[in-house]
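> pasting the sequence and the predicted coordinates here, then a few questions.
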Amino acid sequence: MAEEEKIEQLKALIESRIEQLEQEIQLYQKLLEIIAECTRSPGGHISASAAGKEYRSKSGKPVARLSMTRDTFRLVFLQPVPASHPYIKYVLTSLERLSENYEGLEYSFEEDNGKVTSILVTGVTKDNIDDVKAILEFAAKKIASLYH
């Protein structure tokens, strides 16, 4: 019995450490994104590599920004979008489907008062990068086109 207890304790310790490391990885990924967003060219403009791609309204006002760092995509809505909006539902449903088909692909979104402020996709690989990018770009373009 004592040996079985030791094995269970060791298993719990390893599982706990894995969870801690996963959280640490997420923190470092977010820090990389923040650094990328803070990188500015000498003229004070965010460089293209840091900013990713901006999606603008018909009048030219920035509505969304899509950026990528290694295995992570982040779509930030500069004008938050209601979580019930059909394009947001499309993105989340599509990402859910992809995450079921690709091991390690995960997504999350940040909400403020029922409005989505950003969508984060991690675990992007060469096998799924085109699908993830297409889903996020489609939503960003469509939502940007709704604003004047």
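The structure has been received and is ready for your questions.

> check which helix or strand covers S84.
Per DSSP states H and E: S84 is located in neither a helix nor a strand.

> got the contact list for it?
G114 (CB atoms under 8 Å, 6 or more residues apart in numbering). Heads up, the C-betas are built off the backbone N, CA and C, glycines and all.

> let me see the backbone angles for it.
phi -90, psi 0 (degrees, to the nearest 10).

> name the helices or strands packed onto the strand or helix carrying I18?
Taking DSSP H and E as the criterion, I18 maps to helix 2-38. Applying 3 or more CB pairs under 8 Å, 6 or more residues apart in numbering; DSSP states H and E, one finds that helix 2-38 contacts helix 48-51, strand 62-69, strand 72-82.

> tell me the mean pLDDT for that helix?
The pLDDT scores in helix 2-38 average 83.

> what does stretch 76-88 give?
So the average pLDDT for stretch 76-88 ends up being 90.

> next one: stretch 122-135
For stretch 122-135, the per-residue pLDDT averages 91.

> could you list the buried residues of it?
Within stretch 122-135, the residues scored as buried using 16 or more other CB atoms under 10 Å are 122-124, 128, 131-133, 135.

> now name the helix or strand holding I119.
Short version: I119 belongs to strand 115-122, going by DSSP H and E.

> can you tell me what sits against that strand?
With CB under 8 Å, 6+ apart as the test, strand 115-122 has contacts from 26, 29, 71-77, 80-83, 85, 88, 91-92, 95, 105-111, 132, 136.

> what's the first helix or strand after it?
Counting by DSSP H and E, what follows strand 115-122 is helix 129-146.

> of all the buried residues of stretch 122-135, which comes closest to I14?
Each of the buried residues of stretch 122-135 was scored against I14 by CB to CB, and G123 proved nearest at 21.4 Å.

> please list all residues in contact with the closest one.
Here G123 is in contact with 71, 102, 104-106 (CB under 8 Å, 6+ apart).

> for the residue nearest to the spatial centre of the chain, give the beta-bridge partners.
Central residue of the chain (CA atoms, centre = their mean): L120, 1.3 Å from the mean position. The residues listed as beta-bridge partners of L120 by DSSP bridges are R74, S108.

> equivalent analysis for R56, please.
Beta-bridge partners, per DSSP bridges, of R56: P62.

> alright, calling it a day.
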